[in-house]
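Trainee: How does the following fold in three dimensions:
(2 chains)
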Amino acid sequence: MLSQQILNGITLGATYALIALGYTMVYGIIQLINFAHGEIYMVGAFVGVFMITVFQQGLVISLAAAMLACVIMGVTIERFAYRPLRRSTRLAPLISAIGLSIFLQTLMTKIKGPQPIPFPHVMEDALYKLGPIEISKVQIIILVVASLLMAGLHFIVKYVKIGKAMRAASEDYDTSALMGINVNRVISFTFAIGSSLAAAGGVLVGLYFNSVSPFMGVSAGLKAFCAAVLGGIGSIPGAMLGGLFIGVAETLGIAGGFDTYKDAIAFTLLIIVLLFRPTGLLGRPIQKKV
Amino acid sequence: MKKSKICLILSALMITALLLTGCGGSGEEKKQAEGEKAATGGGTIKIGFLGAKTGGHAAYGVETLKGIKMAVEDINSAGGLLGKKIEIVEEDHGSKVSEGTTVTQKLITRDKVVAIIGDPTTGITKAAAPIAQQNKVVLLSAGAVGPGVVEIGDYIYRDVLLNSVGAPAVTKYLNEKLGWKKVVVVTSMNNDFSVGLTDLFKQALIENKMEIVGEQSIQDGDQNFAAQVTAIKDKKADGIIFTGYYTEGALFMKEVRKQGLKTVLVGGDGLMSDVFLKMGAEAVEGSMFFCGFAVDETKSTDKTKKFIEAYKAGNNGVQPDYFSVQGYDAVMLIADAIKAANSDEPEKFRVELAKTKNWEGVSGTITFDESREPIKSPVYLLEVKEGKLAVKDTIEVK
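Mentor: From the prediction side, this is the model:
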């Protein structure tokens, strides 16, 4: 029973982690909390639904299409909503992000209506017994896709040139620009990767919970943001860990009868962790630049 | 120095401009208000609709409004009421409680309605009722089934099958006719309707000596029920009593099937919506809920049949549900009371409304008891069969 609940929690946590990565990468480079990120996740889910119902595509192609659509969207958003504000006060892009988030929610409500719509039937689900726990095909897909994407991200950041540039820009934005790194390109790339992960999260969650709605990005976005801060904002492994941590804690909380406080669990955890480790679980201490 | 002076002058100009436009606006508003007042005297009886056209409860509001409009058409085409036409003032509160009270206030103070029909949900009705009571406007809810509604005051009515009538009748039926002994109860904690219905079901379960083997709580708006379903999985219950609304009900059953459970769900009329069938698909097959009305060719009165035909004609052959019928009856109840009182003043016709006895409506027979609660018979138990709603049984209430 407990192990079953932990598995439920890990599945949920994996989707939080996918969204949290986008928050943390963007923050790591331009110190912006991209509040429209939850809406990118929502749009990703809708693109997935659209591909399945209108174009009769399978899960793999729909997932890829959702990721691609959100890459374009993420880069466009960065280009038109954040880049013009890069040299203004830190508050300006933040407000721009909140505005965008409201705009995207309302736009989707206008197009699809405010009601949650069912996620189309795309494959037969099955249940497998693994000792004391049962795992469904959908859960396996979520865990496998999320792990593959995160492994891919790790590879890019660690070994590929653009990934190295990302790390350099997050270390010191100005110096890396002086060293000849095209920082604008790096930022665009960061938004592209973050958005594609969020889109994948959206499609997977739609598949898991059977429903998508224009407002699904609000609470998922907030919790993923929590996960990013909890893990140490700016830290990629931190976001993964934070997401899993919050997913499991939330599920165990519901199982323990605290459903009413479900949304409070993530934030309570965040407060407790920040009290003892102000930089988050895996965050590095902030060094003042001289 | 120069710069700051220019700034000063500019801001002074802007303030004057603001003041000027402010004055102009209020003057115009006054004129408009006067105009509206004159219009009210021109021979219409205004009835307000309080409900959702958008948001989570939209399915209820939209259907209620359809019934209301049909009733108004019937009355107006037959010459109106006391020589006046009835006019419906529509508002949309988007399924939000806070908006619900704002809309109620607007209907009363701006539109000067004599009666309000709505809200279809208990939660928003309870929030809106004190405002109607304070302003002495009749509020008749065509859907609020939870406890604590008419207690708010003597201007507050409803024309529904009460949960306090339906839940005991259905529990008895489950026990005696279907042989259920053990159940799991699922409640949506941020939903007044659900919390109230759970209490009634629990009482009835105790009276019928049935066992509650598990209890789980959810929230309206939740999408993930994996933890709750895992928790009830090994309880071996005969069925799940689910007191929440349709979206969560359908998603909950999806998760139940996903985890390999074969149990069916029983609930109240909060599950009554196409969304429940569409979203739940094969997962809600066999699920049951009770309600105050269903289309049943064998038992319909002529009045009901006539309504069903008219509704079908206006809605591409779709059959009416509980909410449209209740909406229709609500207008007719108020109209009959206004006729009996020979006055459209709420203070006078509410007395006649309270005297309603064995009133034949489209949805069944309605009597208001001494505490103004409706007693309605029969209780319809519906079942999802091959993706459609079918009447499983009708349970007569004494």
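Trainee: Flag the shaky bits of chain B, pLDDT-wise.
Mentor: For chain B, the stretches flagged by pLDDT under 70 are B:1-42, B:398.
Trainee: Mark out where each domain of it begins and ends.
Mentor: Per automatic domain parsing, the structural domains of chain B span B:44-160+B:299-363, B:164-291+B:382-395.
Trainee: out of those domains, nearest to A:Gly48?
Mentor: domain B:164-291+B:382-395 (15.1 Å; C-beta to C-beta). From N, CA and C alone the C-beta is placed, and that goes for glycine too.
Trainee: got the end-to-end distance for that closest one?
Mentor: Length of domain B:164-291+B:382-395, first residue to last, C-alpha to C-alpha, to the nearest Å: 14 Å.
Trainee: does that domain come close to chain A?
Mentor: Yes - Domain B:164-291+B:382-395 comes into contact with chain A (C-beta under 8 Å from any C-beta of the partner chain), by way of B:189-190, B:216-219, B:222-224, B:226-228, B:230-231, B:233-234, B:247, B:250-251, B:254, B:258-260, B:275, B:278-279, B:281.
Trainee: what's the spacing between that domain and its chain's center?
Mentor: 19 Å (C-alpha atoms, centre = their mean, to the nearest Å).
Trainee: And stretch B:306-320, by the same measure?
Mentor: Stretch B:306-320 sits 20 Å away from the centroid of its parent chain (C-alpha atoms, centre = their mean).
Trainee: try stretch A:53-67
Mentor: 19 Å.
Trainee: what helices or strands is the helix or strand where A:Leu207 lies leaning on?
Mentor: Element membership for A:Leu207 (DSSP states H and E) is helix A:183-209. Helix A:183-209 sits against helix A:2-30, helix A:37-54, helix A:59-77, helix A:137-159, helix A:161-171, helix A:173-178, strand A:211-212, helix A:216-231, with contacts defined as 3 or more C-beta pairs under 8 Å, 6 or more residues apart in numbering or on different chains; DSSP states H and E.
Trainee: Regarding B:Val186, what is its secondary structure?
Mentor: Classification of B:Val186 using DSSP: H, G, I helix; E, B strand; the rest coil returns strand.
Trainee: Next one: it relative to B:Phe242, how far apart?
Mentor: Distance, B:Val186 to B:Phe242, by C-beta to C-beta, to the nearest Å: 5 Å.
Trainee: what residues are shared contacts of the two?
Mentor: The contact sets of B:Val186 and B:Phe242 overlap at B:Phe252 (C-beta atoms under 8 Å, 6 or more residues apart in numbering or on different chains).
Trainee: okay, the two: which has more neighbours?
Mentor: B:Phe242 (31 against 27; other C-beta atoms under 10 Å in any protein chain shown).
Trainee: which residues touch that one?
Mentor: By C-beta under 8 Å, 6+ apart, the neighbours of B:Phe242 are B:186, B:249, B:252, B:265-267, B:271.
Trainee: One more: A:Ile187?
Mentor: A:29-30, A:78, A:83, A:169.
Trainee: If we use 7 Å, what do you get?
Mentor: Neighbouring residues of A:Ile187 by C-beta atoms under 7 Å, 6 or more residues apart in numbering or on different chains: A:29-30, A:78.
Trainee: tell me which of these is nearest to chain B?
Mentor: A:Glu78 (28.8 Å; C-beta to the nearest C-beta).
Trainee: doesn't A:Phe191 make contact with the closest one?
Mentor: Yes - under the criterion of C-beta atoms under 7 Å, A:Glu78 makes contact with A:Phe191 at 4.3 Å.
Trainee: Report the contact partners of A:Gly9.
Mentor: A:Gly9 neighbours (C-beta under 7 Å, 6+ apart): A:247-248, A:250-252.
Trainee: same deal with B:Ala167?
Mentor: B:197, B:200-201, B:204.
Trainee: what's the spacing between the closest residue to it other than its chain neighbours and A:Phe209?
Mentor: Closest residue to B:Ala167 apart from its sequence neighbours, by C-beta to C-beta, 6 or more residues apart in numbering or on different chains: B:Leu200 at 4.0 Å. Applying C-beta to C-beta, the value for B:Leu200 to A:Phe209 is 30 Å.
Trainee: The nearest residue to B:Thr109 once chain neighbours are set aside and chain A: what is the separation?
Mentor: Nearest residue to B:Thr109, sequence neighbours excluded (C-beta to C-beta, 6+ apart): B:Asn135, at 7.7 Å. Separation of B:Asn135 from chain A (C-beta to the nearest C-beta, to the nearest Å): 30 Å.
Trainee: B:Asn135 reaches B:Arg110, doesn't it?
Mentor: No - B:Asn135 lies out of contact with B:Arg110 (C-beta under 7 Å); the separation is 12.0 Å.
Trainee: between the two, which one's more packed in?
Mentor: Neighbour count, other C-beta under 10 Å: between B:Asn135 and B:Arg110, B:Asn135 has more, with 16 against 11.
Trainee: so where's the stretch 51-200 of chain A uncertain?
Mentor: Using pLDDT under 70, nothing in the stretch 51-200 of chain A is flagged.
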